[in-house]
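[1] here is my input, please return the structure:
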Amino acid sequence: MQEPARPSRRIEAIDIARALALVAMAIFHFTWDLENFGYLTPGLTEHGGWRLFARCIASSFLFLVGVSLVLANRNGIRWPAFWKRFAMIVVAAAAITLVTLYVTPDAFIFFGILHEIALASLLGLAFLRVPALLSLLIAAAIVAAPYYLRSPFFDPPQWWWLGLSTIDPHSNDYVPVFPWFAPVLAGIACTRLARRYGLLDALAGWDPGRWARPLTFAGRHSLAFYLLHQPILFGSVWLYSQILPAPVIPPEARFTEACEQQCTNSRDRDFCTRYCSCMLDRLEAGGQLGALFSKREDEAMRDRLQNLALQCTEQTDDDLAPQGKEGSGQ
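    Now for the predicted structure:
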């Protein structure tokens, strides 16, 4: 079936969608900055609703990458424009890696959202003529892949970008190919379907008015916004912390609060209180609580935490078991 010609007018709705994703990202990063400087509970952005929020933001950006690929290459791949954009993203991704390697060497960004966008843009070119429904099926398979294809073979660092290792690399932004290439394919497929059924023509004819100008401007300059927003937010929170520092909370209290917050997402309060007390006692006995909060967490430390979590879960379940309570009263 012959697809309609690409609308000649820029679709401002897509710029607005991209700008809203940028605003959401700034909100998340500002919350992370507050957490980093001690104004919010440690680990807040890593669990629960905040973790889901972060995943939705990343998915929206990558979906829009697929949308942009289709719109920019409707009449054949425009190689000069593609390589120019690709080079800009690669340079920006390399800069992010170098900066975070210096600032947070224990959790530097070796394959974050920009790295994924660069690679996904290249891989996505191969799907611009693939039937939309087939692309959606492949996207579903990519989402499922980490659940079925994880293997120790992919544990060496040179394979971490795939997302199929049995360990979770420690990084402040980790967006591997599996499963994060899936939103790009979904964006490609949905845009081709939208073009086929005239939705893009309808969107191209929509004039949002003057109120949307700041959003459309941000959406058209999304890479610059991405690179600038976090240094500005981080620097602002740092400056504020020099004037009004966050209250100093003992590591024991910080750990207990963060542990119970994470635990109560899946277990009841009584279990979590006992479980976190067990974890705290064992970390203090091993002299590892300080290392945990100094961000010297490495693979050995993560293995230690996993083993302690298994031990304390088993111990807490035994303590709360009815037969255990009956036996203790005899």
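
[2] could you give the separation of stretch 61-77 from the chain centroid?
    Centroid separation for stretch 61-77 versus its chain: 22 Å, with C-alpha atoms, centre = their mean, to the nearest Å.

[3] low-confidence ranges in this protein?
    By pLDDT under 70, the weakly predicted segments of the chain are 1-8, 291, 293-299, 323-330.

[4] how is it divided into domains?
    12-242, 251-322 (automatic domain parsing).

[5] how long is the last one end to end?
    By C-alpha to C-alpha, to the nearest Å, the extent of domain 251-322 from end to end equals 33 Å.

[6] and among the domains of the chain, the most buried is which?
    domain 12-242 (a mean of 17; mean count of other C-beta atoms under 10 Å). Yep, even glycine has a C-beta here, placed from its N, CA and C like the rest.

[7] show me the contacts for Leu280.
    For Leu280, the contacting residues are Glu252, Phe255, Thr256, Cys259, Leu289, by C-beta atoms under 8 Å, 6 or more residues apart in numbering.

[8] just checking, which of those belong to helices?
    Among those, DSSP state H puts Glu252, Phe255, Thr256, Cys259, Leu289 in helices.

[9] closest one of those residues to Leu137?
    Closest approach between these and Leu137, by C-beta to C-beta: Cys259, at 40.7 Å.

[10] so what's that closest one closest to, chain neighbours aside?
    Cys276 (3.9 Å; C-beta to C-beta, 6 or more residues apart in numbering).

[11] tell me who's in contact with that neighbour.
    Phe255, Thr256, Cys259, Glu260, Cys263 are the contacts of Cys276 under C-beta under 8 Å, 6+ apart.

[12] need these in TSV with distance to Arg302, can you?
    As requested, these are exported to TSV (distance: C-beta to C-beta, whole Å):
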residue	distance to Arg302
Phe255	15
Thr256	20
Cys259	15
Glu260	20
Cys263	17
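
[13] nearest to Asp207 among the ones in helices among the contacts of Leu280?
    Closest approach between the ones in helices among the contacts of Leu280 and Asp207, by C-beta to C-beta: Cys259, at 51.8 Å.

[14] gap between that closest one and Tyr275?
    From Cys259 across to Tyr275, the span is 8 Å (C-beta to C-beta, to the nearest Å).

[15] for Pro322, same thing?
    Note on Pro322: its distance to Tyr275, by C-beta to C-beta, is 18 Å.

[16] next one: Trp238
    35 Å.

[17] try Gln315
    Distance from Gln315 to Tyr275, by C-beta to C-beta: 8 Å.

[18] list the residues that contact both of those two?
    With C-beta under 8 Å, 6+ apart applied, the contact sets of Gln315 and Tyr275 do not overlap.

[19] dump stretch 73-89 to CSV, keeping only the CA atoms.
    Extracted C-alpha coordinates of stretch 73-89, given in CSV (Å, rounded to 0.1, in the frame of the first residue of the first chain):
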residue,chain,number,x,y,z
ASN,A,73,13.8,9.9,6.3
ARG,A,74,10.4,9.6,4.7
ASN,A,75,11.7,9.8,1.1
GLY,A,76,14.9,7.9,1.7
ILE,A,77,17.6,8.2,4.3
ARG,A,78,19.1,11.7,4.3
TRP,A,79,22.6,10.6,5.0
PRO,A,80,24.3,14.0,5.5
ALA,A,81,21.7,15.2,8.0
PHE,A,82,21.7,11.8,9.7
TRP,A,83,25.5,11.6,10.1
LYS,A,84,25.6,15.2,11.4
ARG,A,85,22.9,14.5,14.1
PHE,A,86,24.5,11.1,14.9
ALA,A,87,28.0,12.7,15.4
MET,A,88,26.5,15.4,17.7
ILE,A,89,24.9,12.7,19.9
